[in-house]
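Novice: What follows is a predicted protein model with its sequence.
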Amino acid sequence: MTFDLQQAARDHLWLHFTRMGTYGSTDVPIIVRGDGCYLEDANGKRYLDGLAGLFAVQIGYSYGEEIGQAALAQMKELPFYTNWSYAHPRAIELAHEVAQLAPGDLNRVFFVSGGSEAVEAAWKLARQWHLVRGERRWKAIARRTAYHGTTMGALSINGIPALKNTFEPLVPETLHVRNTNRYHRPPGEAEEDFTAFLLDDLEQAILAAGPSTVAMVIMEPVQNAGGSFTPPAGYFQGVREICDRYGILLCADEVITGFGRLGDWFGSQVYDIKPDLVTSAKGLSSAYAAIGAVLATDRVFEPFLDEKAMYTHGMTFGGHPVMCAIALKNIEIMKRERVIENVRENESYFRGALEQLKELDIVGDVRGTGYFYAVELVRDRETRETFTDAESETLLRGFLSPRLFERGLICRADDRGDPVVQISPPLVAGRAEIDELTGTLGDVLAEAQERVDVRRAEPATRTPGQRVP
Ligand SMILES: Cc1ncc(COP(=O)(O)O)c(C=O)c1O
């Protein structure tokens with residue numbers, strides 16, 4: 001008798017962030033193989049992966065053989081050794097490589113196993129950095145609706161109350177400031193006024209918290225949750241100035257934006273952010289391995305050069321040699337295949353194709369950059385009125401997500417903020433994949449539009465008007 005994968009999945013596997021109860025009656029989606037930008041399920045059906053795994057598989061799915069050889073060679077040479085007190089060649093080479101690619105003097109690399117661990121490690125590092133310099137600072141400031149991971153520290157930093165409430169009390173203390181969602185700002189607002197408004201909000205939050213208690217400000221170059229919020233001009237320069245004014249470390253959370261997603265190695269280069277710390281994971285290995293990293297500048301590392309000083313943090317698997325070998329090979333492939341150049345060459349074409357979706361009334365906004373976009377869906381384009389929670393549930397979970405999957409396109413209908421469809425394909429996607437992606441998405445959104453039109457007679461339960469992030 002052959003092993004029944006479907007039954008075993010239902011009986012034993014616990015999927016992350018998944019309503020497992022829905023799989024009593026429907027099949028668990030089982031992905032069995034991948035090539036290029038495509039995946040195949042257990043029934044032999046193919047899908048275009050418009051989400052790059054989870055914003056992660058930069059080189060697509062065709063490099064298993066080559067990366068596997070690098071992993072095999074490392075397995076034979078040294079299958080494991082730790083970064084606790086010891087170094088090994090692959091961790092050294094990868095740290096060197098990442099430091100070369102990173103902007104400015106982000107010269108020191110601390111390896112972890114993923115994005116949440118990176119955020120966790122950055123916050124702890126920021127706290128300890130202040131302490132070794134004689135100051136007790138502990139608070140972290142992030143932005144509303146931002147996602148930074150799920151371990152208790154990273155979860156506390158998240159700006160999504162629905163994810164956090166269940167697990168309270170959380171790690172003290174975090175504050176949340178406005179994000180760069182421009183779509184729900186007054187239509188006539190000039191960009192520099194928006195920037196000033198956001199910076200004032202940040203500074204007021206710091207002053208209210210007590211500047212000498214704030215250890216770190218953490219922000220993604222482009223915020224994913226809520227839908228690819230790009231920064232207005234001058235924003236990150238202002239954030240940098242404010243952090244400097246109050247002696248606060250600035251951390252760029254580049255778990256998604258690092259390693260090419262925005263058309264450069266780091267989003268910090270795209271927006272000239274000059275962070276003190278960078279968190280990264282996903283694209284570092286194109287998710288072929290469980291590895292992440294915290295990058296720190298010379299200034300942050302300096303107090304730890306003291307003979308008796310030590311960053312009191314570590315995990316067994318941080319800097320695992322096989323994971324490092326895989327990440328090194330991934331970076332080599334990204335360079336050889338000109339993956340970042342591919343993003344730059346196609347990003348305006350991509351954006352143009354997505355902009356055409358605005359012909360549908362349900363599409364309020366298209367935003368993002370590089371290979372990182374979001375389409376915001378609205379109930380009323382004129383007023384920018386968003387859907388009620390119940391409508392959003394029916395539209396996104398009830399219709400869009402399953403329909404896109406049925407049509408062979410994986411992208412994410414997300415309602416952690418206002419409802420958006422997130423689009424973030426492998427960075428090797430070319431124009432054929434972009435056409436297919438935007439074509440299928442357009443068809444499915446047109447169907448969603450029809451459903452909304454049918455329901456339009458029903459009254460909204462939320463008061464019309466703009467929502468401020
Ligand atoms: C910006 C950001 N930070 C941190 C994380 C957490 O990463 P991980 O899921 O690898 O723990 C994510 C995950 O999506 C993320 O998008």
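Specialist: Cool, got the structure.
Novice: any idea how far the residue in the stretch 201-350 of the chain positioned nearest to the ligand is from P232?
Specialist: Using Cβ to the nearest ligand atom, V255 is the residue of the stretch 201-350 of the chain that sits closest to the ligand, at 3.6 Å. (Glycine included, C-beta is placed from N, CA and C.) According to Cβ to Cβ, to the nearest Å, V255 and P232 sit 22 Å apart.
Novice: quick one on the thing from earlier: check which helix or strand the residue of the stretch 201-350 of the chain closest to the ligand maps to.
Specialist: Assessed by DSSP states H and E, V255 sits outside every helix and strand.
Novice: hang on, it packs against E117?
Specialist: No - between V255 and E117 there is no contact under Cβ atoms under 8 Å: 10.2 Å.
Novice: circling back: which one of V255 and P232 is surrounded by more residues?
Specialist: Shown here are V255 and P232; by other Cβ atoms under 10 Å, V255 has more neighbours (28 against 22).
Novice: Please determine how far that one is located from A56.
Specialist: 9 Å.
Novice: what residues are shared contacts of those two?
Specialist: K282 (Cβ atoms under 8 Å, 6 or more residues apart in numbering).
Novice: Wait, a helix at L39?
Specialist: No - assessed with DSSP: H, G, I helix; E, B strand; the rest coil, L39 is strand; it does not lie in a helix.
Novice: Tell me what it is bridged to.
Specialist: G34, Y47 (DSSP bridges).
Novice: burial count for it?
Specialist: Using other Cβ under 10 Å, L39 is surrounded by 21 other residues.
Novice: which residues do V255 and E117 both contact?
Specialist: Joint contacts of V255 and E117 (Cβ under 8 Å, 6+ apart) are 149, 281, 292.
Novice: Output these in JSON lines, with neighbour count appended to each entry.
Specialist: Converted to JSON lines, the shared contacts of V255 and E117 look like this (neighbours: other Cβ atoms under 10 Å):
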{"residue": "G149", "neighbour count": "23"}
{"residue": "A281", "neighbour count": "28"}
{"residue": "G292", "neighbour count": "28"}
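Novice: Among those residues, name the ones that also lie close to the ligand.
Specialist: Restricting the shared contacts of V255 and E117 to those within reach of the ligand (Cβ under 6 Å from any ligand atom) leaves 149, 281.
Novice: any idea how far the residue of the chain at minimum distance from the ligand lies from A99?
Specialist: Relative to the ligand, the nearest point of the chain is G115 (2.1 Å; Cβ to the nearest ligand atom). Distance of G115 to A99, given as Cβ to Cβ: 19 Å.
Novice: Those two: which has the busier surroundings?
Specialist: Neighbour tally, G115 and A99, criterion other Cβ under 10 Å: the higher count belongs to G115, 28 against 14.
Novice: Surely the more buried one touches V294?
Specialist: No - the pair G115 / V294 is not scored as a contact, 10.6 Å apart, by Cβ under 8 Å.
Novice: nearest residue to the residue of the stretch 201-350 of the chain closest to the ligand other than its sequence neighbours?
Specialist: Using Cβ to Cβ, 6 or more residues apart in numbering and skipping residues adjacent in sequence, the residue nearest V255 is G115, 3.7 Å away.
Novice: and if you look at R136?
Specialist: H130 (7.0 Å).
Novice: where are the low-confidence patches of the protein?
Specialist: Scanning the chain for pLDDT under 70 picks out 1, 455-469.
Novice: Show me which residues of it are close to the ligand?
Specialist: 114-116, 119, 147-149, 220, 224, 253, 255-256, 281.
Novice: Count the neighbours of M20 for me.
Specialist: There are 11 residues near M20, going by other Cβ under 10 Å.
Novice: How are the helices of the stretch 151-300 of the chain distributed by residue range?
Specialist: For the stretch 151-300 of the chain, the helices defined by DSSP state H, counting those that start in this stretch occupy 152-157, 161-164, 191-209, 235-245, 267-270, 298-301.
Novice: any chance of those in JSON lines, plus mean neighbour count?
Specialist: Converted to JSON lines, the helices of the stretch 151-300 of the chain look like this (neighbours: other Cβ under 10 Å):
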{"stretch": "helix 152-157", "mean neighbour count": "23"}
{"stretch": "helix 161-164", "mean neighbour count": "12"}
{"stretch": "helix 191-209", "mean neighbour count": "16"}
{"stretch": "helix 235-245", "mean neighbour count": "18"}
{"stretch": "helix 267-270", "mean neighbour count": "23"}
{"stretch": "helix 298-301", "mean neighbour count": "16"}
